[in-house]
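Asker: turn this into a structure:
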Amino acid sequence: MLEFSSAELQCLKIIILTETFSVTNLGILLLTDEIILDFYLKFMKKIVQGFLFSLCFVPFVQAQDSTKVKKEEAPKENQIEEVKIVKYKKAIEQKPDRTIFNIADQPNLNTGTLMETIKQLPGLIASDVAGMMYQGKQLEVFLDGRPLNISSNELNSFLEGMPANSVDKIEVITQPGAEFPATSGGAILNIITNKNAKKYLSATYTSSSAFNSYDKIRYRTYNSVLLNAKNKYFGWQLNFGQNYRENAVWTAFSNTNNNAILSKTQSDRINRTQFLKSGLTFDIKKDRLLLNYDVNYGNSNSETEGYGLGFTTSDKGKSHNTRQDATITYQKRFDNKNQKLDFVFNYNNNKNDFNLFSDVLGNTVLDNYSNQNYYNGKFDYSQGLKILDEGKVSFGALYEKLLFEAKNFNATNLEYQRVTAATYLEFQAKYNKFDFILGSRAEKYEIGGKTPTADLIPFEQFRWFPNATIQYNLTPQIFFNVNYNKKITLPSTSALNPNNTTYQNQNINTFGNPNLQPTIFDNFEVKLSAFDYAYIGYNLSSAKNQVVQQVSLNGNVVENTNFNVSEVKIHNFTFAFPLPYMLFTKGLKETMKFDVNPDTLNFIYFYMGYQLHQVPNLDTKGFWNFNLMSQILLPKKIKFVTEFGLVTSGGNYFYFVADKPFNNYVDMTFSKKFLNDQLTVSIFGDDIFNMNRSYFRPVNDPLLSYSKSDTRKFGFTLNYKLPTKNKAAKVDQNMLKEEKKDDGGTVIGN
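Answerer: Residues are numbered from 1 along each chain as shown. The predicted structure is shown next:
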């Protein structure tokens, strides 16, 4: 019989648990000497012994969703009588088509606005000039599986008005398959706000307060309440809250030829947001009916002092935004659990009213209003199918219509409509250690509209969008993935809107471009992922008619708009891995003996990404994106988390170059649980060195832009889960969303 050292046996136990946990239900697993020996003999044929360390060690960093090992009885050093598996949420979860970030259980990510949280996600870049990108891919933003259909300034306002503590998790779907709309472009950022319903009343209250101290004290508060319950007739869920935020923004534009200041402003803003999300679910035998209604209301105002070449100004801005969303979902279920049929009907309305008054001129400078109506109907069907070892087929259809109207001083200056009809077919198969996905989606577009002076350039096309994935699974948690998909992005109504919906003065003017054309993407990706946290990957996104931002100088006036570029290629290389601190202090031998307990793990997580934008007729340079996250367990079970972010200077973001690093911050969070883990208290400091600012210059104009927000803030967050006597109550599936498939498939309602 083989004999193992203490370190080898401990490592082997962890590997067996990791392998077993992926294919076994939660419960008690009995591991005997014979099982260990049999597993060892089979396993060692595939993986060299030196690689055992990495396999053992990576699960250690799954601090939110790891396997916690508990020895019930261990009479001998080299024998396990019983092992108990306890389920935790993972901080990051890698699936073949997406990366999932747990927000609700990470105090360092849920203390501010949703926009601030998104900017902290490793690999994600959010800026005024580059938009929102993840590992080089342009992001389409979804909320609870449904597209927001907003972008640009409206999207930023929506995300800044939504408290991060109202979000459960964020999915970045890097390889959207045929079941997702082809209009998803490069990738999808899906914000999931919903929780699980239980067969008793449960309630959670979350509150966060902070202050800024850049030039004066400014306050922020976020509060949300989640209620849900289920009885034998129906289930219900209600999530509501508010956001009050005082903040300031400093901007400057200068002419680099003569160093003349064209515009310099300081804007004090107050943003108020209220939101409500509600859901009802009815079980009809095996079937289920879901009714959802969401509403977000924003009321903001600003005071801006500015000066520049030839002017001095003092302006007051007001903005009102209302977003309503109603969804009806009917889920037909069959005796075969792999067979599903879902029908979804969705209506969305988004109204925006922006007004800017000049104290110097004594009149209203901007009075812009827009109204958008969106209608969507779809069905999705899937069932198991014998393809190779096993497989599945999915197909469905979609019809949607979007109507958009923009007004300037009550005069309509844009009428826009878009009709899309689509159908898809996708096959999934398994053979030995290989997974295959082959899909195809066809979409037909009818896009048109008019301005007061002319009709828009029509876009009426029928297009085909294939996708294919091959994945080799070295182990259940280590896989190599190759993917290709073709997608399209239709210009957002925010980019089309000819009206200015943000601040302007005598030397700054922002306007949309109603004649923007759709962008076609060819996306290629290869990725090696291990245990969710460690991965290395490369992707190429080739876009035709890419919509990019353009800032140009017209005399002394800075003009900001969007235009189509014939072709842009974005290369992106990413690398991420974790390391436990005890590796540096105790060495490899002692680290191998470490007993798995994720709540007492000190580690640092490294993320590095390199991105290069190839733009026609430009000699472009790449840039690096760094993110470090450190977790240290202090006495009294206090968790100390530090995050550092940086994007290097000198690289090209389409037609812009960063003169200095941006997205540069250091955040710190101290958190501790009380009252049997029902109360979590966090104290945080964001951008504590006040380094987060941006300097950009367009490549074809003598301009330099500067922007700085009061990102440094200090505060605390409370999360209290009201206790219930029924601790063993069964957790039912989510009312406000239902996953179509367990392997990372689409979310109903998208």
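
Asker: hey, let's count contacts and neighbours off CA atoms from now on
Answerer: Will do.

Asker: so residue 116 sits against residue 161, correct?
Answerer: No. With contact defined as CA atoms under 8 Å, residue 116 does not reach residue 161; the gap is 10.6 Å.

Asker: more neighbours: those two, which one.
Answerer: Set side by side, residue 116 and residue 161 show more neighbours around residue 161, with 27 against 19, by other CA atoms under 10 Å.

Asker: isn't the more buried one right up against residue 298?
Answerer: Yes. Residue 161 is within contact range of residue 298, at 7.2 Å (criterion: CA under 8 Å).

Asker: partners of residue 417 in the sheet?
Answerer: Beta bridges link residue 417 to residue 448 when assigned by DSSP bridges.

Asker: picking that back up, shared neighbours, residue 161 and residue 298?
Answerer: Shared contacts of residue 161 and residue 298, defined by CA atoms under 8 Å, 6 or more residues apart in numbering, comprise 271-273.

Asker: narrow those to those that are buried.
Answerer: Using 16 or more other CA atoms under 10 Å as the burial test, the shared contacts of residue 161 and residue 298 include 271-273 as buried.

Asker: where do the strands of the stretch 151-300 of the chain begin and end?
Answerer: Here the stretch 151-300 of the chain has its strands, by DSSP state E, counting those that start in this stretch, at 169-173, 187-192, 202-213, 217-230, 235-255, 260-284, 287-308.

Asker: picking up where we left off before, could you dump the shared contacts of residue 161 and residue 298 to JSON lines with distance to residue 180 and pLDDT?
Answerer: As requested, these are exported to JSON lines (distance: CA to CA, whole Å; pLDDT from 0 to 100):
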{"residue": "271", "distance to residue 180": "34", "pLDDT": "93"}
{"residue": "272", "distance to residue 180": "33", "pLDDT": "95"}
{"residue": "273", "distance to residue 180": "30", "pLDDT": "93"}
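
Asker: can you list those in TSV and add distance to residue 685?
Answerer: As requested, the shared contacts of residue 161 and residue 298 are exported to TSV (distance: CA to CA, whole Å):
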residue	distance to residue 685
271	21
272	22
273	23
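
Asker: closest to residue 626 among the buried ones among the shared contacts of residue 161 and residue 298?
Answerer: Using CA to CA, residue 271 comes nearest to residue 626 of these, at 30.6 Å.

Asker: list the contacts for the nearest residue to the closest one once chain neighbours are set aside?
Answerer: Once flanking residues are discounted, residue 271 sits nearest to residue 300: 4.4 Å by CA to CA, 6 or more residues apart in numbering. Neighbouring residues of residue 300 by CA under 8 Å, 6+ apart: 269-272, 318-320.

Asker: now residue 141
Answerer: 147-149, 188-191 are the contacts of residue 141 under CA under 8 Å, 6+ apart.

Asker: where does confidence bottom out across these?
Answerer: Of all those, residue 149 has the smallest pLDDT value, namely 77.

Asker: neighbours of it, how many?
Answerer: Around residue 149 there are 18 other residues, counting by other CA under 10 Å.

Asker: local confidence estimate at the nearest residue in space to it that is not next to it in sequence?
Answerer: Leaving aside its sequence neighbours, residue 149 sits nearest to residue 492 (CA to CA, 6+ apart; 7.0 Å). With respect to pLDDT, residue 492 has a value of 83.

Asker: distance of the residue nearest to residue 271 relative to residue 106?
Answerer: From residue 300 across to residue 106, the span is 29 Å (CA to CA, to the nearest Å).

Asker: same question, residue 483
Answerer: 31 Å.

Asker: these two: who's more crowded?
Answerer: A direct count of neighbours by other CA under 10 Å for residue 483 and residue 106 places residue 483 higher, at 21 against 18.

Asker: in a helix, that's where the more buried one is, yeah?
Answerer: No. Counting by DSSP: H, G, I helix; E, B strand; the rest coil, residue 483 is not found in a helix; it is strand.

Asker: now the nearest residue to it once chain neighbours are set aside: which helix or strand?
Answerer: Leaving aside its chain neighbours, residue 483 sits nearest to residue 469 (4.4 Å; criterion: CA to CA, 6+ apart). Following DSSP states H and E, one finds residue 469 within strand 459-475.

Asker: in that strand, what counts as buried?
Answerer: For strand 459-475, the neighbour count (16+ other CA under 10 Å) marks 465-473 as buried.

Asker: next one: stretch 628-637
Answerer: The neighbour-count check on stretch 628-637 (16+ other CA under 10 Å) flags 628-633 as buried.

Asker: what's it in contact with?
Answerer: With CA under 8 Å, 6+ apart, stretch 628-637 has contacts from 600-607, 639-645, 672.

Asker: now, among these, which is nearest to residue 547?
Answerer: Among the contacts of stretch 628-637, residue 645 lies closest to residue 547 (CA to CA), at 27.1 Å.

Asker: where does pLDDT dip in this structure?
Answerer: 1-89, 128-130, 152-153, 194-200, 591-600, 724-750 (pLDDT under 70).

Asker: quick one, helices of the stretch 501-650 of the chain?
Answerer: Using DSSP state H, counting those that start in this stretch, the helices of the stretch 501-650 of the chain run over 582-592.

Asker: mind listing the strands in it by residue range?
Answerer: With DSSP E, counting those that start in this stretch applied, the stretch 501-650 of the chain shows strands at 508-510, 519-530, 534-554, 557-580, 603-614, 623-634, 638-647, listed in chain order.

Asker: for the contacts of residue 141, which one is nearest residue 499?
Answerer: Scanning the contacts of residue 141 for proximity to residue 499, where the rule is CA to CA, the winner is residue 149, at 17.8 Å.

Asker: domain ranges for this protein?
Answerer: For the chain, automatic domain parsing gives the domain ranges 6-84, 92-721.

Asker: pick the most buried one from the ones you listed.
Answerer: The highest average neighbour count among these, using mean count of other CA atoms under 10 Å, belongs to domain 92-721 at a mean of 19.
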